[in-house]
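No letters, just coordinates:
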């Protein structure tokens, strides 16, 4: 009897789930498949098995069952274009010549039209607009989808992720000077990518966007190149030395991420921006000089360059992100050129002049007595960092300021401190800590350490403290008096 009841339960629940799935997914007479998104107020669309591949002009509907169609699913129309194992279009690829998108579409999934042989793409104006057979996000001037006949307008600033992914008919394209960033995968498996020889850098117009096979060292980027695309040389292991052409202006996010074999990089004298994590995890990097042309260095740009002994910031740099030297365990010297109008250095600390905020430090840092804030990720993951004196001028310690400083054992929080951010001392080697009564704001999981005892001068938890401030449930002594 118990077995029978279990069987009935499974049948009923299976039927319920099947019926629910049917409510969430439906197919129209043209073979479009619609999935209700999680809020059940809008649909994503893709081409199902019954889609008519003999259409020459595909029009994406704006609504389905009275609800807007807002998303084209990842690889959603790839099924229209059967591909061979090497990614080249075969079969019915040539049937569909154009795609028209409604104004309701606000998300286009990666590879939505992978392998297409489209000749035109148009869109009703909404979040996106169409121009010269390019689909462009209006707010950011980002080209999000291109085809083989695209002509990139001269106001486009960024070519987005997978914009020309799998566009096998693309043989050449001009990238205007307005473009300052090319996202990862923008041209992978396009005609340009496939035509590039093995063991070579892949160039699209005047941009280096990736590489194929094995690259010899030293690697020289060809003259006339203006930018290194996002993750273009990610995981490169074969080259110990990189020489960028004097024409290179833009080094995009993750350009050389995790290229562990690189020991020396010669930057261009024209470089303007160094993107987020551009050289992060280049563990063997020992030598790099930031040229006087650089204006911006983004988050974690040199994070975890463990063998980088020093860095010099020229006067031209006016914008520096968080965690720029996080995990740089070998760094002992940080210097800023004296005529820099935004930043200064003292005690091997990088400091924002106007606010006296400490942006970044290293294992040889001595925090100056005028610093009022230790910024986010300022000393993140600095190994062999046993003690540091926080001066009584400091009012705020930012999120992850000393995150994973695994050997930091001796620390005193002065009574000037009012705010300590989340994970500020996460995974440090502190055996005990005193939180002064002045601390009225405390983030979550601040002192994660299974051996720490926390002494709190306040009699009870202040209202401004996170409910998860002691998520590790370390022992706490309230009302502590020195």
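Good, I have the coordinates. Just so we're clear, the structure is a prediction, and the values are computed from it rather than from any experiment.

In the stretch 1-150 of the chain, where is pLDDT below threshold?
Counting by pLDDT under 70, the stretch 1-150 of the chain shows low-confidence ranges at 1-23, 52-55, 79-95.

one more time with 80, if that's ok
Residues of the stretch 1-150 of the chain that meet the criterion pLDDT under 80 lie in 1-23, 30, 49-56, 78-96, 115-117.

low pLDDT regions in the stretch 351-482 of the chain?
384, 450, 482.

Which parts of it are helices?
Here the stretch 351-482 of the chain has no helices by DSSP state H, counting those that start in this stretch.

ok, how many other residues are close to the spatially closest residue to residue 459 that is not a sequence neighbour?
Distances taken as CB to CB, 6 or more residues apart in numbering put residue 479 closest to residue 459, at 4.7 Å, once the chain neighbours are dropped. Every residue, glycine included, has its C-beta placed from N, CA and C. Counted with other CB atoms under 10 Å, residues neighbouring residue 479 total 11.

And residue 436, by the same measure?
Look at residue 436: counted by other CB under 10 Å, it has 18 neighbours.

could you list every residue that touches the nearest residue to residue 474 once chain neighbours are set aside?
Leaving aside its sequence neighbours, residue 474 sits nearest to residue 452 (CB to CB, 6+ apart; 5.0 Å). By CB atoms under 8 Å, 6 or more residues apart in numbering, the contact list for residue 452 reads 430-433, 474.

For stretch 203-222, buried residues please.
By neighbour count on 16 or more other CB atoms under 10 Å, the buried set for stretch 203-222 is 203-211, 215, 219, 221.

And the residues you listed, which is closest to residue 237?
residue 215 (9.3 Å; CB to CB).

residues contacting the closest one?
Listed by CB under 8 Å, 6+ apart, the contact set of residue 215 reads 199-201, 236, 238-239.

Can you check what pLDDT the model gives it?
Per-residue pLDDT puts residue 215 at 92.

domains of the protein?
2-181, 361-482 (automatic domain parsing).

hang on, the earlier thing: counting neighbours, which of the contacts of residue 452 end up buried?
430, 432-433, 474.

Could you list which of those belong to strands?
432-433 (DSSP state E).

The residue nearest to residue 459 contacts residue 437, correct?
No - Residue 479 is beyond contact range of residue 437, at 9.8 Å (criterion: CB atoms under 8 Å).

okay, and the common contacts of the two?
457-458.

coming back round to it: how about JSON lines for the buried ones among the contacts of residue 452, with distance to residue 148 added?
Shown next, in JSON lines, are those (distance: CB to CB, whole Å):
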{"residue": "430", "distance to residue 148": "60"}
{"residue": "432", "distance to residue 148": "66"}
{"residue": "433", "distance to residue 148": "62"}
{"residue": "474", "distance to residue 148": "61"}
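
Out of the buried ones among the contacts of residue 452, flag the one nearest to residue 39.
residue 474 (39.5 Å).

surely that closest one meets residue 455?
No - with contact defined as CB under 8 Å, residue 474 does not count as touching residue 455 (10.8 Å).

In TSV, list the buried residues of stretch 203-222 along with distance to residue 26 and secondary structure.
Below are these laid out as TSV (distance: CB to CB, whole Å; DSSP: H, G, I helix; E, B strand; the rest coil):
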residue	distance to residue 26	secondary structure
203	45	strand
204	40	strand
205	43	coil
206	47	coil
207	43	strand
208	45	strand
209	39	strand
210	40	strand
211	44	strand
215	49	coil
219	52	strand
221	51	coil
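
and residue 352, how many neighbours?
Using other CB under 10 Å, the number of residues around residue 352 comes to 16.

Identify the residues contacting it.
Listed by CB under 8 Å, 6+ apart, the contact partners of residue 352 are 342-343, 359, 375.

Closest one of those residues to residue 177?
Comparing these against residue 177 with CB to CB places residue 342 closest, at 26.7 Å.

Could you report the separation of the closest one from residue 27?
Separation of residue 342 from residue 27 (CB to CB, to the nearest Å): 58 Å.

What would I type in PyMOL if I wanted to highlight the buried members of the contacts of residue 215 and nothing else?
Per 16+ other CB under 10 Å, the buried members of the contacts of residue 215 correspond to this PyMOL selection:
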select buried, resi 201+236+239
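
re earlier: looking at the contacts of residue 352, which is nearest residue 330?
Of the contacts of residue 352, the one sitting nearest to residue 330 (CB to CB) turns out to be residue 359, at 19.2 Å.

Give me the nearest residue to the closest one, chain neighbours excluded.
In space, residue 359 is closest to residue 350, 4.6 Å off (CB to CB, 6+ apart).

Do you know the pLDDT at the one you found?
Per-residue confidence (pLDDT) for residue 350: 98.

quick one: it and residue 362 touch, right?
No - counting by CB under 8 Å, residue 350 sits too far from residue 362 to count as a contact (9.0 Å).

Show me the common contact partners of the two, please.
Residues within reach of residue 350 and of residue 362 at once, by CB under 8 Å, 6+ apart, are 325, 334.

how far away is residue 300 from residue 130?
Distance, residue 300 to residue 130, using CB to CB: 36 Å.

more crowded one of those two?
residue 300 (26 against 18).

dump the residue contacts of that one.
Going by CB under 8 Å, 6+ apart, residue 300 touches 276-277, 280, 321-324, 326, 377.

quick one: what helix or strand has it in it?
Per DSSP states H and E: residue 300 is located in neither a helix nor a strand.

All further residue positions should be reported with the first residue as 2.
Will do, 2 is the new start, and the previous item becomes residue 301.

Pull up the per-residue confidence for it.
Residue 301 is assigned a pLDDT of 97 by the prediction.

sorry, back to before: columns distance to residue 35 on top of the buried residues of stretch 204-223, output as TSV?
As requested, the buried residues of stretch 204-223 are exported to TSV (distance: CB to CB, whole Å):
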residue	distance to residue 35
204	41
205	35
206	38
207	42
208	38
209	40
210	35
211	35
212	40
216	45
220	48
222	46
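
Kindly indicate which of those residues lies nearest residue 178.
Here the nearest of these to residue 178, counting by CB to CB, is residue 207; it sits at 8.9 Å.

any idea how far the closest residue to that closest one other than its chain neighbours is from residue 313?
Excluding the flanking residues, the one nearest residue 207 by CB to CB, 6+ apart is residue 227, at 4.7 Å. Separation of residue 227 from residue 313 (CB to CB): 25 Å.

Compare these two and say which one has the larger neighbour count.
A direct count of neighbours by other CB under 10 Å for residue 227 and residue 313 places residue 227 higher, at 19 against 13.

that older thread, between the contacts of residue 216, which sits nearest residue 469?
Taking the contacts of residue 216 together and measuring to residue 469 by CB to CB, the closest member is residue 237, at 40.2 Å.

Contact partners for that closest one?
Residues near residue 237 by CB under 8 Å, 6+ apart: 212, 216, 257, 260, 262-263.

can we see that at 7 Å?
Each residue near residue 237 by CB atoms under 7 Å, 6 or more residues apart in numbering is listed here: 212, 216, 257, 260.

so which strand or helix has it?
Using DSSP H and E, residue 237 is not contained in any helix or strand.

same thing with residue 193?
helix 192-196.

Flag every buried residue along that helix.
Per 16+ other CB under 10 Å, helix 192-196 contains these buried residues: 192-195.

That one packs against which elements?
Packing contacts for helix 192-196, counted by 3 or more CB pairs under 7 Å, 6 or more residues apart in numbering; DSSP states H and E, involve no helix or strand.

Before I go, just wanted to say thanks for your time.
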